[in-house]
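J.: Sharing a model prediction with you, sequence too.
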4 protein chains.
Amino acid sequence: MVINHNGRYKSDRRTLKRLVILRSAAGVFRRRGYDRAGMREIADGLGVTTGVLYYHFRDKGELLYFCQDYSLGRMLEEGARIRREKGAPATRLRRLIEAQLTCMLDELQGSAAHLEFATLPPRLLKKVVAKRDRYERLMRGIVSKGIRAGAFRRRDPKLVTLAILGAINWTIKWYRPDGGQSATKIAREFADYLIKGLA
Amino acid sequence: MVINHNGRYKSDRRTLKRLVILRSAAGVFRRRGYDRAGMREIADGLGVTTGVLYYHFRDKGELLYFCQDYSLGRMLEEGARIRREKGAPATRLRRLIEAQLTCMLDELQGSAAHLEFATLPPRLLKKVVAKRDRYERLMRGIVSKGIRAGAFRRRDPKLVTLAILGAINWTIKWYRPDGGQSATKIAREFADYLIKGLA
Amino acid sequence: MVINHNGRYKSDRRTLKRLVILRSAAGVFRRRGYDRAGMREIADGLGVTTGVLYYHFRDKGELLYFCQDYSLGRMLEEGARIRREKGAPATRLRRLIEAQLTCMLDELQGSAAHLEFATLPPRLLKKVVAKRDRYERLMRGIVSKGIRAGAFRRRDPKLVTLAILGAINWTIKWYRPDGGQSATKIAREFADYLIKGLA
Amino acid sequence: MVINHNGRYKSDRRTLKRLVILRSAAGVFRRRGYDRAGMREIADGLGVTTGVLYYHFRDKGELLYFCQDYSLGRMLEEGARIRREKGAPATRLRRLIEAQLTCMLDELQGSAAHLEFATLPPRLLKKVVAKRDRYERLMRGIVSKGIRAGAFRRRDPKLVTLAILGAINWTIKWYRPDGGQSATKIAREFADYLIKGLA
DNA sequence: TATGAATGAGATTTCATTCAT
DNA sequence: TATGAATGAAATCTCATTCAT
């Protein structure tokens, strides 16, 4: 996945095809979990054979890696934007929580492949863990700054961040796009509740 | 797994052996995930052959089922005890959060096999989902009652409960027994933070 | 196994390979019986790995099914042809007996996998039993018509048919292609003897 | 299975127990076939554990051997009696056919374990094949003598015998004790038909 | 005699991956 | 680029058999 000087994904045919494959793979990973997702299954969903997958990706692990990398990339993009904004800590934390939930539940339709790490080969694992940690630090930074600024109650910023991330990440276990709760409502209520805990 | 008149697991040799196997299986499930956990691996951890596992359990699914059933059983036991106690809603919710975290992180050493459902055959899935739902309802009940009593702020009890459970369940993804944070400290801080959100 | 408009098996590469596999499987089933026939053994006989078998057939049961289906198909083909012929009942019954024996002992080299049913999964079992019954009815029809026409002695057509089929089917238990008796001679003598019983 | 000087099975406790086991084993072998019959299954049918089977029999093969040996023994007993009788060849052949069918379908309830040889270890195989051949020769002897005496039509006695045995042995594939046809009727009709073929 | 527990070899089956075309 | 066919390693599970008690 090459990013060009515009900060966008290069739109050559190659990359487009990779994105198409990733979308299908992400769906299968979400529905079945990484281990139970078969390459055949992913290929079938695209109407091609497994060979195609191997033409575009080295192996199954790389497929997972790019899913995770893409998800984390989107989240970091949003996060970076929010960090640059002015505003009270509470406001920024709210934006971040809402952005992540919207991203996970709406945009990526709960794919959140970024939640299944154990399987990756070390080389890829290191990269994706690093990216995840960057995102975690980003959120923790907002929390810490809020505490130092006196806007938030004194708490262990690390544990608070992990609690928030847990609440958010867990949503993919129960969220159903056609269920009673819209992603927007969940995002608002979660933000309300999780920020109040810091008041 | 027969429960005798003391409400404890019957300690005949058969049941003891099953518990020994379950402990090993739970460990492997936790470290590797259900799908990547091999029966060989589980057996090796016990110094026996896979045949032994099949002598005591019908198949891999039943092994997972009993792990989940046991974990949920322990949590429900604690939950029932807490529900019977007198005390302010905040106190009871705190007790429940702390109990679940202690149970998951300390007693079961993060096994929490109860978090991987998708794999179970329908018959067992139904039973374990029912048990999980009972626990969820138990926590939601405490939240709802607190709201009705005016002790908690008006929020959607369902979403709040899911947020709390997410924060708690997610701990097994990052908790390390030999890490910087003790289970006790995590439990206290989480309870503080998650209850404050309802104040 | 698709049959094209010529009434023959479509000869694309896929079907050809399936037929090659079936031939090997039929041989092993005959020599060793279905249960003792290993997929390894069948694959070894072809110089391939077991994976190939599973690429072309869903499972072992389907392999058996197609053996039986093919054998019964051949017998029904011959039977249908004979039924359409004019001729005295005795002549037609003779033709049928000889055709089945030739088919079983010569053409299929005693494979007669159609004799081992118990193992098939219900779905396939039903189909193959139906086909077998069609063949049985075909033979019984010739016997009955002969009796009604006064060409055959009055006997229970069902039991006579079962006796004839028993004599024929049993041959695969003792027939040896390199033995003293040629398939042709067996066919003639059996027909003589079994038809005389109806005179 | 020891035979004492009265020509009867010694009725000590040991032998009695062996017979009880054999009866159960024969039933399972018939219903499921030798390979699919599990030692557990046989033991369960008796309300004991597999250990008991191994106390009384060396292994599964010996269990099969004794089933076959017993069946063949019974058939040879009857055969020997019939051979000693005076009477026309047709009468004696009829007696033999009826005796075998009665023995197989009634007395042994279609167990006819003597039909599954392939599995036996060489040592036992040789013995049981020898016994089966003795029975075959017995029947062929009656046929041959009838031909030489001019009572039967000139036919290949070997093939006629194999046809008769096929018709008889095949009955266990379709006979049902609770079906429409009684063993007695089958025996009579088969004898009628099969002897008429020699007239 | 009988049992419960364990073994070990082998069976079928799955699946990521490769490769010639 | 894409496919069909094949591989090989591993996984789950079965089962006859053994053995201490």
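T.: Here it is on my side, so go on.
J.: residues in contact with the residue nearest to residue A:154 when sequence neighbours are not counted?
T.: Nearest non-adjacent residue to residue A:154, counting by Cβ to Cβ, 6 or more residues apart in numbering or on different chains: residue A:147, 5.9 Å away. The way it works is simple: take the backbone N, C-alpha and C, and place the C-beta from them, glycine included. Counting by Cβ atoms under 8 Å, 6 or more residues apart in numbering or on different chains, residue A:147 makes contact with A:153-155, A:157, A:198.
J.: Chain A: helices as residue ranges?
T.: Using DSSP state H, the helices of chain A run over A:13-32, A:39-46, A:50-56, A:60-84, A:89-101, A:122-148, A:157-174, A:183-196.
J.: show me what contacts the closest residue to chain C within chain A?
T.: Nearest to chain C in chain A, going by Cβ to the nearest Cβ, is residue A:40, at a distance of 11.6 Å. Residue A:40 sits next to residue A:50 when contact means Cβ under 8 Å, 6+ apart.
J.: And the residue nearest to residue A:105 when sequence neighbours are not counted, how close does it get to residue A:133?
T.: In space, and not counting its chain neighbours, residue A:105 is closest to residue A:183: 4.0 Å by Cβ to Cβ, 6+ apart. Noted for residue A:183: a distance of 26 Å to residue A:133, by Cβ to Cβ, to the nearest Å.
J.: Distance check, the residue of chain A positioned farthest from its centre against chain B.
T.: Within chain A, the residue lying farthest from the chain centre (Cα atoms, centre = their mean) is residue A:150, at 29.7 Å. For residue A:150, the distance to chain B equals 16 Å [Cβ to the nearest Cβ, to the nearest Å].
J.: Residue A:103 too?
T.: 16 Å.
J.: How about residue A:194?
T.: 6 Å.
J.: now do residue A:127
T.: 19 Å.
J.: So that residue is in contact with residue A:69, correct?
T.: Yes. Checked against Cβ atoms under 8 Å, the pair residue A:127 and residue A:69 is within contact range at 7.4 Å.
J.: Sort out which residues of the lowest-mean-pLDDT helix or strand in chain A are buried, please.
T.: Least confident helix or strand of chain A, by mean pLDDT, DSSP states H and E, is helix A:13-32 with a mean of 90. Residues A:15, A:18, A:21-30, A:32 are the ones in helix A:13-32 that count as buried (16 or more other Cβ atoms under 10 Å in any protein chain shown).
J.: Give me the contact status of that helix with DNA strand E.
T.: No. Counting by Cβ under 7 Å from any atom of the strand, no contacts exist between helix A:13-32 and DNA strand E, the nearest distance being 9.4 Å.
J.: follow-up on the earlier one: would you turn the helices of chain A into JSON lines with distance to residue B:59?
T.: Converted to JSON lines, the helices of chain A look like this (distance: least, Cβ to Cβ, whole Å):
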{"stretch": "helix A:13-32", "distance to residue B:59": "20"}
{"stretch": "helix A:39-46", "distance to residue B:59": "23"}
{"stretch": "helix A:50-56", "distance to residue B:59": "29"}
{"stretch": "helix A:60-84", "distance to residue B:59": "26"}
{"stretch": "helix A:89-101", "distance to residue B:59": "38"}
{"stretch": "helix A:122-148", "distance to residue B:59": "31"}
{"stretch": "helix A:157-174", "distance to residue B:59": "25"}
{"stretch": "helix A:183-196", "distance to residue B:59": "37"}
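J.: Quick check: residue A:70 touching residue A:21?
T.: No. With contact defined as Cβ under 8 Å, residue A:70 and residue A:21 do not form a contacting pair (11.6 Å).
J.: Tally up the residues packed near residue A:88, please.
T.: 11 (other Cβ atoms under 10 Å in any protein chain shown).
J.: list the contacts for it?
T.: Going by Cβ under 8 Å, 6+ apart, the list of residues near residue A:88 reads residue A:151.
J.: Need the per-residue pLDDT for it.
T.: What the model reports as pLDDT for residue A:88 is 96.
J.: next one: phi and psi at it?
T.: phi -60, psi 150 (degrees, to the nearest 10).
J.: separation between it and chain B?
T.: Residue A:88 is 18 Å from chain B, by Cβ to the nearest Cβ.
J.: before we move on, what about residue A:163?
T.: 4 Å.
J.: Tell me the spatial nearest neighbour of that residue, not counting adjacent residues.
T.: residue B:167 (4.1 Å).
J.: so that neighbour sits right up against residue A:171, yeah?
T.: No. If you go by Cβ under 8 Å, residue B:167 and residue A:171 don't touch, sitting 11.4 Å apart.
J.: the more surrounded of the two?
T.: Taking other Cβ under 10 Å, residue B:167 and residue A:171 do not tie; residue B:167 has more neighbours (27 against 23).
J.: residues in contact with that one?
T.: Contacts of residue B:167 (Cβ under 8 Å, 6+ apart): A:162-164, A:166-167, A:170, B:190, B:194.
J.: Tabulate these (JSON lines), appending pLDDT and distance to DNA strand F.
T.: What follows is the contacts of residue B:167, written out as JSON lines (pLDDT from 0 to 100; distance: Cβ to the nearest atom of the strand, whole Å):
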{"residue": "A:162", "pLDDT": "98", "distance to DNA strand F": "31"}
{"residue": "A:163", "pLDDT": "98", "distance to DNA strand F": "34"}
{"residue": "A:164", "pLDDT": "98", "distance to DNA strand F": "35"}
{"residue": "A:166", "pLDDT": "96", "distance to DNA strand F": "29"}
{"residue": "A:167", "pLDDT": "97", "distance to DNA strand F": "32"}
{"residue": "A:170", "pLDDT": "93", "distance to DNA strand F": "26"}
{"residue": "B:190", "pLDDT": "98", "distance to DNA strand F": "34"}
{"residue": "B:194", "pLDDT": "98", "distance to DNA strand F": "37"}
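J.: Those residues, buried ones only, as a PyMOL selection?
T.: Applying 16+ other Cβ under 10 Å to the contacts of residue B:167, the buried members can be selected in PyMOL as follows:
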select buried, (chain A and resi 162+163+164+166+167+170) or (chain B and resi 190+194)
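J.: okay, now the residue nearest to residue A:78 when sequence neighbours are not counted: neighbour count?
T.: Using Cβ to Cβ, 6+ apart and skipping the chain neighbours, the partner closest in space to residue A:78 is residue A:99 (4.2 Å). When counting by other Cβ under 10 Å, one arrives at 20 neighbours for residue A:99.
J.: ok, back up a step: which one of the helices of chain A has the poorest average confidence?
T.: helix A:13-32 (a mean of 90).
J.: now the angle from that one to helix A:60-84?
T.: 90 degrees (axes from the mean of the first three to the mean of the last three Cα atoms, to 10 degrees).
J.: Could you list every helix and strand in contact with helix A:13-32?
T.: Where contact means 3 or more Cβ pairs under 8 Å, 6 or more residues apart in numbering or on different chains; DSSP states H and E, helix A:13-32 is packed against helix A:39-46, helix A:50-56, helix A:60-84.
J.: now for the ones you listed, which one comes closest to residue C:80?
T.: Closest of the helices and strands packed on helix A:13-32 to residue C:80 is helix A:39-46, at 40.1 Å (criterion: Cβ to Cβ).
J.: Compare residue A:183 and residue A:133 and say which one has the larger neighbour count.
T.: residue A:183 (20 against 12).
J.: can you pull the contacts of the more buried one?
T.: Here residue A:183 is in contact with A:101-102, A:105-106, A:175, A:177 (Cβ under 8 Å, 6+ apart).
J.: State the distance from residue A:47 to residue A:21.
T.: Taken as Cβ to Cβ, the span from residue A:47 to residue A:21 is 12 Å.
J.: Spit out the residues that contact the two alike.
T.: Joint contacts of residue A:47 and residue A:21 (Cβ under 8 Å, 6+ apart) do not exist.
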